[in-house]
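Chemist: Take this sequence and fold it.
(one chain, ligands or ions: 2)
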Amino acid sequence: MTGKPDPTVMTASALPSEIGRIVSGIQPSGKLHLGNYMGALRNWIELQDRYECFYFIADWHALSTNYEHTGSLRTNIREMLIDWISLGLDPAKSAIFLQSDVREHAELYLLFGMITPVSWLLRNPTYKDQQEQIENRDLAMYGFLGYPVLQTADILMYRADHVPIGADQLPHLELAREIVRRFHHLYGPVIPEPLPLLTRTPKLPGLDGRKMSKSYGNCIFISDSAEVVWDKLRTMVTDPQRVRRKDPGNPDVCPVFDLHKVFTDEPTRKLIDSGCRSAGIGCIECKGYLKENVEVLLGETRKRRSEIESDSAFLEKVLREGAQKARSEAKKTLAIVRDAMKLPQEGLS
Ligand code: TRP
Ligand code: SF4
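Modeler: Ligands and ions are numbered 1, 2, ... in the order given. Sure thing, here's the model as predicted:
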């Protein structure tokens, strides 16, 4: 049976030990925020201690929607790399690299493009959704349509068995699985079918109570200073019914409390919950506790950031060595693929 992968949420700590290889990527769209950390990076960091991980900055994917605005690409790549390493992604444990540094991705993408029916790509929900959502940009492009084919190449290139992703990426992974099955049908079973590793994403509201997202301008960034974090939290929306200090509040409808659910331990959270309902604590006090807990993560991150952010030689070295490691696997995969397809490896050989 080759049905859909079981979309049950697997937390990293519940993973079976026979999992071998992990691959994932993120588009370099600028600074990471707390939502990105909770949704992806936290999981990646946990995985790197137990598996062989390949993590890359998907700069070619960024072109599919930003081909007109390439001016900030290099800065965005650098910022993302700094965010990753300061959060704890460790180049000694994982291969950390830039997608376009491993040009083999382009070759595999081309080969997969030969066997991917256009109808599969047209029915990809992201293709339609994004065209409607993203205004002022013409996304009726071949590259944008082929986005999932490139993503398939990214994954199969490392013969990964698991791909940690958010639920929004499930259709892409399903397509990758369909493409690999078609490849097997045509040329033989030579690459494993990857499975999604769904990140359990807690509800992470932004400062205005909507989902934390760059496009809403409601983010706390990983690189924010302690002062900026406090300024943002201080003015963050709370239970709208709680107007005065003496009014009791309701944590169930308060986005600040949703952040406590992620950053604050349970006993403290219980105290805050009852303090809020009885008007025993005020919102500023409540936000002060939150700030302290957020700072446990961000303070540590800031320290590492200050050590690496201006060390261009170090950052270059991380990407160079990451690409070397990735390339050596990529070359092996391409040799396998060309062989299965009976293509020349080079010249007449
Ligand atoms: N499409 C992913 C996103 O937008 C990024 C991505 C590109 C990716 N290639 C990948 C994720 C391969 C996992 C595996 O977030
Ligand atoms: Fe929200 Fe905390 Fe204020 Fe209660 S005390 S309304 S949980 S910010």
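Chemist: With ligand 1 in mind, check whether the longest helix along the chain reaches it.
Modeler: Of all the segments of type helix in the chain, defined by DSSP state H, the longest one is helix 312-340. No: Helix 312-340 stays clear of ligand 1 (CB under 6 Å from any ligand atom), getting no nearer than 12.4 Å. In short, each C-beta sits where N, CA and C put it, glycine included.
Chemist: Can you name every helix or strand that that helix contacts?
Modeler: Counting contacts by 3 or more CB pairs under 8 Å, 6 or more residues apart in numbering; DSSP states H and E, helix 312-340 packs against strand 52-57, helix 73-87, strand 95-98, helix 104-115.
Chemist: If we use 10 Å, what do you get?
Modeler: Helix 312-340 is packed against strand 21-26, strand 52-57, helix 73-87, strand 95-98, helix 104-115, helix 147-156, helix 170-187, helix 283-308, with contacts defined by 3 or more CB pairs under 10 Å, 6 or more residues apart in numbering; DSSP states H and E.
Chemist: If we go by neighbour counts, what in the third one is buried?
Modeler: The reference is to helix 73-87. Neighbour-count burial for helix 73-87 flags 73, 76-87 (criterion: 16 or more other CB atoms under 10 Å).
Chemist: Looking at these, which is nearest residue 345?
Modeler: Residue 345 lies nearest to residue 77 out of those, by CB to CB, at 31.8 Å.
Chemist: hang on, that closest one packs against residue 96?
Modeler: No: applying CB atoms under 10 Å, one finds residue 77 not in contact with residue 96, separated by 11.7 Å.
Chemist: shared neighbours, these two?
Modeler: Residues touching both residue 77 and residue 96 by CB atoms under 10 Å, 6 or more residues apart in numbering: 57, 319.
Chemist: picking up where we left off before, could you export the buried residues of helix 73-87 to a markdown table, including columns for distance to ligand 2 and pLDDT?
Modeler: Compiled in a markdown table, the buried residues of helix 73-87 are given as follows (distance: CB to the nearest ligand atom, whole Å; pLDDT from 0 to 100):
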| residue | distance to ligand 2 | pLDDT |
| --- | --- | --- |
| 73 | 39 | 97 |
| 76 | 33 | 97 |
| 77 | 37 | 98 |
| 78 | 36 | 97 |
| 79 | 31 | 97 |
| 80 | 31 | 97 |
| 81 | 35 | 98 |
| 82 | 32 | 98 |
| 83 | 27 | 98 |
| 84 | 31 | 98 |
| 85 | 33 | 98 |
| 86 | 28 | 98 |
| 87 | 26 | 97 |
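Chemist: Send me the helix or strand hosting residue 61 as PDB with only the CA atoms.
Modeler: Assigned by DSSP states H and E, residue 61 belongs to helix 59-66. The C-alpha coordinates for helix 59-66 follow below in PDB (Å, rounded to 0.1, in the frame of the first residue of the first chain):
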ATOM      1  CA  ASP A  59      17.400  30.600  -1.500                       C
ATOM      2  CA  TRP A  60      16.200  29.300  -4.900                       C
ATOM      3  CA  HIS A  61      12.700  28.700  -3.400                       C
ATOM      4  CA  ALA A  62      12.700  32.300  -2.300                       C
ATOM      5  CA  LEU A  63      13.100  33.400  -6.000                       C
ATOM      6  CA  SER A  64       9.900  31.700  -6.900                       C
ATOM      7  CA  THR A  65       7.900  34.500  -5.300                       C
ATOM      8  CA  ASN A  66      10.600  37.200  -5.000                       C
END
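Chemist: what does the stretch 151-300 of the chain put close to ligand 1?
Modeler: 151, 154-155, 163, 165, 169, 172.
Chemist: try it again with 8 Å
Modeler: With CB under 8 Å from any ligand atom as the criterion, the stretch 151-300 of the chain meets ligand 1 at residues 151, 154-155, 163-166, 168-169, 172-173.
Chemist: Dump the helices and strands packed on helix 312-340 into CSV; add distance to residue 339 as well.
Modeler: Listed next are these as CSV, based on distance: least, CB to CB, whole Å:
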stretch, distance to residue 339
strand 21-26, 20
strand 52-57, 22
helix 73-87, 33
strand 95-98, 24
helix 104-115, 12
helix 147-156, 15
helix 170-187, 9
helix 283-308, 41
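Chemist: Nearest to residue 45 among those would be which one?
Modeler: It is, among these and with distance given as CB to CB, helix 73-87, at 6.6 Å.
Chemist: can the closest one be found next to ligand 1?
Modeler: No: against ligand 1, helix 73-87 shows no contacts by CB under 8 Å from any ligand atom, the least distance being 11.8 Å.
Chemist: list the contacts for residue 22?
Modeler: 12, 15, 43-44, 47-48, 50-55, 94, 158, 160-164, 194, 197.
Chemist: Give me the pLDDT for the closest residue to it other than its chain neighbours.
Modeler: Spatially, and ignoring its direct neighbours in sequence, residue 22 is nearest to residue 53 (4.5 Å; CB to CB, 6 or more residues apart in numbering). Listed pLDDT for residue 53 reads 97.
Chemist: residues near residue 53, how many?
Modeler: Using other CB atoms under 10 Å, the number of residues around residue 53 comes to 24.
Chemist: quick one: which helix or strand includes residue 197?
Modeler: Using DSSP H and E, residue 197 falls within strand 195-198.
Chemist: Okay, angle between the helix or strand bottoming out on mean pLDDT in the chain and helix 59-66 too, please.
Modeler: The helix or strand of the chain with the poorest confidence is helix 125-133; it has a mean of 85 (mean pLDDT, DSSP states H and E). Angle of helix 125-133 versus helix 59-66, following axes from the mean of the first three to the mean of the last three CA atoms, to 10 degrees, is 40 degrees.
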